[in-house]
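Novice: task: produce atomic coordinates for the following.
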Amino acid sequence: MRILIPTDAWTPQINGVVRALSTTIAHLRDMGHEVLPIGPDRFRTVPAPSYPEVRLALFPGREIGRIMDGFRPHAVHIPVEGPIGLAARRQCLKRGWPFTTSFHTRFGDYFAQNLHISAAVPYAFQRWFHNAGSGFMVQTDTLARELAARGFRNIKRWNRAVDTELFQPLGDRDFLNLPRPIFINVGRVSAEKNLEAFLKLDLPGSKVVVGDGPQLSTYRARYPDVHFLGYRTGPDLARYFEAADVFVFPSRFETLGLVSLESLACGTPVAAFPVPGPLDVIGNNPVGVLCEDLRAAALKCLEIDRATCRSYALTFSWRKCTKEFLDNLAPIH
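Specialist: This is a model prediction of the structure:
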């Protein structure tokens, strides 16, 4: 198949959406499919408000139409509701092509919690965007039920997995040379990740944050006892996961939380709030602790066997997830 993926979330951005898409594309190509991503790098861009590292394409519609006509895809998947996603959606509707979309961001919950704007408005926009397609892929059963109750249609499951060859115990747990226990968070350093819930915790040992984002300088000044180590990727990132004793995941608005699986693959248990995302990844499995008392959860995780975390992560297969993605696509006849 020739599969076109117009996406506002693409390299060099570093986030869970990009990792999920790039890994899926790699597996699709290994299966013999031809995949063409269309990212912001093809267009003139401007920085997103408050997130200068995220670039927004300017007037991509005509170029996307030209690419569609030249590539002649057998299927189109549009994952993000940005300028590229809106333009691709419009071009598909114009041509009478079916297309699929996927859910990656809880804009409604974030707006309500942090901006005090009714969640109804962003959810109405997302519902309008996704319901025009022939399939709407979501990561978990919890999310599927929630979005169905909000009026989303044509919902299909597209699970997530973890690269267990990249993220694995490497036997180098002491390279950070910090007092133990080491509690780590990996991800965007920004307000919507609820990172301060972790930074404020009174924990023994050391607290480490791996990542970058708009709040980095603010948090670094506000929490001088925390070690902010910037972005890490690939095998280097896996070393940081393994070096930690506990991965603390304070976000309340995740669709899944791929970083939790990456941590488990490196043998590090997860402490999180009992909310969608962590509930779907961890649940009642003995690989983490979910509790509204995040400090208690983090300390309880110190008792968890690291080998159990690794074994659990091995059950999440990207090959299986990619097959689900393929089965969900809407062929263009």
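Novice: quick one, what contacts the nearest residue to L4 once chain neighbours are set aside?
Specialist: Spatially, and ignoring its direct neighbours in sequence, L4 is nearest to P73 (3.9 Å; CB to CB, 6 or more residues apart in numbering). To be clear about C-beta, it is placed using only N, CA and C from the backbone, and glycine gets the same treatment. Going by CB atoms under 8 Å, 6 or more residues apart in numbering, P73 touches 2-4, 36, 332.
Novice: ok, then the element right after the helix or strand of the chain with the lowest mean pLDDT?
Specialist: Across the helices and strands of the chain, mean confidence by mean pLDDT, DSSP states H and E is lowest for helix 107-110: a mean of 70. Per DSSP states H and E, helix 107-110 leads on to helix 120-131 as the next helix or strand towards the C-terminus.
Novice: tell me the buried residues in that following helix?
Specialist: Neighbour counts using 16 or more other CB atoms under 10 Å place 122-123, 126-127, 129-130 of helix 120-131 among the buried residues.
Novice: what mean pLDDT does that helix have?
Specialist: Averaged over helix 120-131, pLDDT sits at 92.
Novice: which elements pack onto it?
Specialist: helix 83-95, helix 107-110 (3 or more CB pairs under 8 Å, 6 or more residues apart in numbering; DSSP states H and E).
Novice: what does whichever helix or strand comes after the longest one contact?
Specialist: Later in the chain than helix 83-95, the nearest helix or strand by DSSP H and E is strand 100-102. Applying CB under 8 Å, 6+ apart, the external contacts of strand 100-102 come out as 75-79, 85, 89, 129-130, 133-138, 156, 158, 328-330.
Novice: now, those residues that are in strands?
Specialist: 75-78, 135-138, 156 (DSSP state E).
Novice: by residue count, what's the longest strand in this structure?
Specialist: Longest strand in the chain, counting by DSSP E: strand 51-57.
Novice: strands paired with it, and their directions?
Specialist: Its sheet considered, strand 51-57 pairs with strand 45-48 (antiparallel) by DSSP bridges.
Novice: circling back: nearest to W10, of the buried residues of helix 120-131?
Specialist: F129 (18.1 Å; CB to CB).
Novice: quick check: phi and psi at the closest residue to T233 other than its chain neighbours.
Specialist: Setting aside the residues directly before and after it, T233 is nearest to I14 in space (CB to CB, 6+ apart), at 6.6 Å. Dihedral pair for I14: phi -120, psi 110, per degrees, to the nearest 10.
Novice: equivalent analysis for the one 3 residues further on, please.
Specialist: Geometry field for V17 lists phi and psi as phi -60, psi -50, criterion degrees, to the nearest 10.
Novice: what number of residues are in the vicinity of the closest residue to it other than its chain neighbours?
Specialist: Among residues not flanking V17 along the chain, A9 sits closest, at 4.1 Å (CB to CB, 6+ apart). The number of residues packed near A9 is 23, by other CB atoms under 10 Å.
Novice: distance check, A9 against E242.
Specialist: Counting by CB to CB, to the nearest Å, the gap from A9 to E242 is 27 Å.
Novice: again, but for F253
Specialist: 27 Å.
Novice: mind checking how far the residue lying closest to D8 once chain neighbours are set aside is from W97?
Specialist: Using CB to CB, 6+ apart and skipping the chain neighbours, the partner closest in space to D8 is G82 (3.0 Å). Counting by CB to CB, the gap from G82 to W97 is 19 Å.
Novice: same thing with P286?
Specialist: 46 Å.
Novice: out of those two, which sits in the busier spot?
Specialist: More neighbours surround W97 than the other of P286 and W97, with 19 against 13 (other CB under 10 Å).
Novice: need the contact list for the nearest residue to that one once chain neighbours are set aside.
Specialist: In space, and not counting its chain neighbours, W97 is closest to I332: 4.9 Å by CB to CB, 6+ apart. Neighbour list for I332: 73-76, 97-98 [criterion: CB under 8 Å, 6+ apart].
Novice: roughly how far is stretch 214-232 from the heart of the chain?
Specialist: 21 Å (CA atoms, centre = their mean, to the nearest Å).
Novice: that concludes my questions; thank you for your assistance.
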